[in-house]
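**Student:** Structural data only, the sequence is not supplied:
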């Protein structure tokens, strides 16, 4: 990963928060809408929503449902980009 991309990801503000309700249609629509107007978005799952063993799977499933890709994931925070 190049330095410019890394800096861009760090500077992103979290624009989508995922609560205990998980992946709902409204969440998928919101992510798609944001990706239509931006190249990248940052998402955060609230504490207790994801456990360590399921994080990667959760982010990948969400990316698949929103036709995007996970470009970075650290803990409960992930950065998605347009495919």
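**Tutor:** Sure, I can see it. Predicted model, so just to flag it, every value in this text is computed and none were measured. Numbers count the residues shown, from 1 in each chain.

**Student:** only C-alpha atoms for contact and neighbour calcs from this point on.
**Tutor:** Fine.

**Student:** mind checking which helix or strand of this protein has the lowest mean pLDDT?
**Tutor:** Across the helices and strands of the chain, mean pLDDT, DSSP states H and E gives its lowest value to helix 3-11, namely a mean of 89.

**Student:** Now the element after that one, going C-ward?
**Tutor:** Downstream of helix 3-11, the next assigned helix or strand under DSSP states H and E is strand 14-18.

**Student:** Quick check: buried residues in that next one?
**Tutor:** 16, 18 (16 or more other CA atoms under 10 Å).

**Student:** Show me the contact partners of it.
**Tutor:** 27, 30, 31, 41, 42, 43, 44, 45, 46, 49 (CA atoms under 8 Å, 6 or more residues apart in numbering).

**Student:** Can you lay out the residues you listed as a markdown table showing distance to residue 10, pLDDT and neighbour count?
**Tutor:** Listed next are these as a markdown table, based on distance: CA to CA, whole Å; pLDDT from 0 to 100; neighbours: other CA atoms under 10 Å:
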| residue | distance to residue 10 | pLDDT | neighbour count |
| --- | --- | --- | --- |
| 27 | 23 | 92 | 18 |
| 30 | 21 | 95 | 14 |
| 31 | 19 | 95 | 22 |
| 41 | 11 | 97 | 21 |
| 42 | 9 | 97 | 22 |
| 43 | 12 | 96 | 20 |
| 44 | 13 | 95 | 19 |
| 45 | 17 | 93 | 19 |
| 46 | 19 | 91 | 13 |
| 49 | 22 | 86 | 15 |
